[in-house]
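In: Sequence below, structure please.
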Amino acid sequence: MVPISRYLPATRSRLTRGRRAKPRPGLERVFSETALAGQVVAAEYEDMRRLYLWALAVRFSAGMLGWLLTLMINIPFLQDAFYYEETGAGIARDWLAGRSSEWLAYAMTADRVSWFLPTVIGGFYWLSGGIRLIPLLLLGICLITALTPVVTYLIARETGLSRSGANFAGGLVALSPAFAFWSGGFYKEGFILLLLNLSIYQVFRLQRAWRWDSMLILAACLFGLFGLRFYLAAMLAGIVLLGLLLGHSEAGEGALTMLRQVLILAGFVGLLFGLGLTERMRRILPGDFSEALGTIEGSRHDLANSAGSGFARDLHITSPVEALEFLPIGMGYFMLSPLPWQWGAVRQNLVIPETAFWIGLYPLIVWGMVRGLKRNFQSSALLLAAVIPVSCLYALFCGNIGTAYRMRIQVWLLLAIFAGWGWEAWQARAGAPGQRGVRRWDRARKREDTGSDAVALR
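Out: A predicted model of the protein is given here:
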């Protein structure tokens, strides 16, 4: 952008002589682009504020409704989640008594125990003096998990999506019942989605520049994920290392960009060593493929035979060939079930309409993948590098429809960005009003090389 101060002295001198100042070439464009940038920043804040408030309202309503139905009608919407509430209350009692929690001390040193959510609940009850107020606890959890669609919006803008596409992606995460239900109660999924989103966003920021704050937040997210779902944290660590190598560069800066990304990668690995996360991953990860396959098959068999919605109960996966043969079947159940004719328990029947809605979005998501790879290859490739292995893992071990629905929101979370790309492409083809102004600002922002730093929250 041409500095505005370059034109001010001449203009001031003309005004003092009493003559009308004639703008120099480009001055009107400078003021226009500056004003437009300010309008876009203000509009982005308003977008994120609206997404947060809607997400908070929907999540708190879903959490309260699930709690009331569980207590009054005995429909088990939150019944299995009360384990975390009870454990958190026990942690708070220990803290209020002036002693450390033996359960928490054990859980944080063990490799496969979920300690994050009970700790959060324990902290809330400690602040409340041990008073177990479920509605206030639900509100506190929703105040945190409602940030997830806001981060989705930031990710979308970071990839280059217009405000329209970013709002579409964030709206899916804010208003879809699956996100609201699993984020509005005492379930781990709400925090998993938030930490997963924050991790991806910080990697995108590190693809552009060295940022200590992003590295620390990213390491904290991985640490938290180990306390929620350890295998997801281990998978995400590998995806992060790949993403840090895919740096953004200007023409002629390829070598410098690669050097910068190698330094960022080395710094992040050193941070992981310092926090002890690499040793934790070494203990958690299977020693070889056969051990990993055995663990997956054991989980799948238990899930298939412990629920009424189980499938492929008699199937055994004991070799890579059998895993590849089962993968299309498992992927079909994971991405498409429950279908309209797959009636079962109450909770399963309630999610059929939403599943049908997302299936209808899949063509738009595929269109968005193509557009995203063309417009921002590094960011889109990172998203796909997260979507594909996570989907394959869950397709192999989700042995029933309920588990598939629960785990699928982690994939839907990332696919929402591609849905935003598809929505933007559809609007551009349909000639939607306002797209010309959006493209004008995007071109101006690209020329100025300010990236996504127009949003001050970043």
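
In: which secondary structure elements does the helix ranked longest in the chain contact?
Out: If each helix of the chain is counted by residues according to DSSP state H, the longest one is helix 27-72. Packing contacts for helix 27-72, counted by 3 or more Cβ pairs under 8 Å, 6 or more residues apart in numbering; DSSP states H and E, involve helix 134-145, helix 148-158, helix 163-175, helix 177-184, helix 435-448. In this view, the C-beta of every residue, glycine as well, is placed from N, C-alpha and C.

In: what angle do the first one and helix 27-72 make?
Out: Counting by axes from the mean of the first three to the mean of the last three Cα atoms, to 10 degrees, helix 134-145 lies at 150 degrees to helix 27-72.

In: what's helix 134-145 packed up against?
Out: Helices and strands in packing contact with helix 134-145 are listed as helix 27-72, helix 116-127, helix 177-184, helix 189-206; criterion 3+ Cβ pairs under 8 Å, 6+ apart.

In: go on, the shortest one?
Out: Contact here means 3+ Cβ pairs under 8 Å, 6+ apart; on that basis helix 177-184 packs against helix 27-72, helix 134-145, helix 148-158, helix 189-206, helix 401-430.

In: Can you list the buried residues in the host helix or strand of Val387?
Out: Assigned by DSSP states H and E, Val387 belongs to helix 377-397. Across helix 377-397, burial judged by 16 or more other Cβ atoms under 10 Å covers 378-380, 382-387, 390-391, 393-397.

In: rewinding a little: distance between the longest helix of the chain and the chain's centre?
Out: Distance, stretch centre to chain centre, for helix 27-72: 16 Å (Cα atoms, centre = their mean, to the nearest Å).

In: Just after that helix, pick out the following helix or strand.
Out: Proceeding N to C from helix 27-72, the next assigned helix or strand is helix 82-96, under DSSP H and E.

In: And the next helix or strand past that next one?
Out: Later in the chain than helix 82-96, the nearest helix or strand by DSSP H and E is helix 102-109.

In: Retrieve the pLDDT associated with Thr145.
Out: Thr145 is assigned 97 on the pLDDT scale.

In: do the same with the one 4 residues further on
Out: pLDDT, the model's per-residue confidence, is 97 for Pro149.

In: do Pro76 as well
Out: Each residue has a pLDDT score; the one for Pro76 is 72.

In: In contact with Pro389: list those residues for me.
Out: Contact analysis of Pro389 by Cβ atoms under 8 Å, 6 or more residues apart in numbering lists Met235, Ile239.

In: at 7 Å what do you get?
Out: Remark: with contacts taken as Cβ atoms under 7 Å, 6 or more residues apart in numbering, Pro389 is in contact with Met235.

In: what does Phe289 give?
Out: Contacts for Phe289 were tallied using Cβ under 7 Å, 6+ apart; they are Pro320.

In: change it to 6 Å
Out: Under the criterion of Cβ atoms under 6 Å, 6 or more residues apart in numbering, Phe289 has no neighbours.

In: ok, it to Thr295 distance?
Out: Note on Phe289: its distance to Thr295, by Cβ to Cβ, to the nearest Å, is 11 Å.

In: will you turn the helices and strands packed on helix 134-145 into a markdown table that also has mean neighbour count, distance to Ile264 and mean pLDDT?
Out: Written out in a markdown table, the entries for those read as follows (neighbours: other Cβ atoms under 10 Å; distance: least, Cβ to Cβ, whole Å; pLDDT from 0 to 100):
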| stretch | mean neighbour count | distance to Ile264 | mean pLDDT |
| --- | --- | --- | --- |
| helix 27-72 | 17 | 26 | 82 |
| helix 116-127 | 21 | 26 | 94 |
| helix 177-184 | 25 | 31 | 94 |
| helix 189-206 | 24 | 5 | 95 |
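
In: I'd like these laid out as CSV, including distance to Val150.
Out: Below are the helices and strands packed on helix 134-145 laid out as CSV (distance: least, Cβ to Cβ, whole Å):
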stretch, distance to Val150
helix 27-72, 5
helix 116-127, 19
helix 177-184, 13
helix 189-206, 9
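
In: Out of those helices, flag the one nearest Phe226.
Out: Among the helices and strands packed on helix 134-145, the nearest to Phe226 by Cβ to Cβ is helix 116-127 (8.3 Å).

In: what sits up against that closest one?
Out: Counting by Cβ under 6 Å, 6+ apart, the neighbours of helix 116-127 from elsewhere in the structure are 84-85, 87-89, 91-92, 95, 137, 140, 188, 224, 227-228.

In: For ChimeraX, what selects the buried ones among those?
Out: The command below creates a ChimeraX selection of those among the contacts of helix 116-127 that count as buried (16+ other Cβ under 10 Å):
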select :84,85,87,88,89,91,92,95,137,140,188,224,227,228
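
In: now, which of the contacts of helix 116-127 sits nearest Tyr153?
Out: Minimum distance to Tyr153 across the contacts of helix 116-127 is 21.3 Å, recorded for Gly224 (Cβ to Cβ).

In: correct me, but the closest one touches Leu195?
Out: Yes: judged on Cβ atoms under 6 Å, Gly224 makes contact with Leu195 at a distance of 5.1 Å.

In: Of the helices and strands packed on helix 27-72, flag the one that's most buried.
Out: Across these, the average number of neighbours (mean count of other Cβ atoms under 10 Å) peaks for helix 148-158, which reaches a mean of 27.

In: From Val40, how far out is Glu46?
Out: Counting by Cβ to Cβ - Glu46 and Val40 are separated by 11 Å.

In: try Ala266
Out: Remark: distance between Ala266 and Val40 (Cβ to Cβ) = 36 Å.
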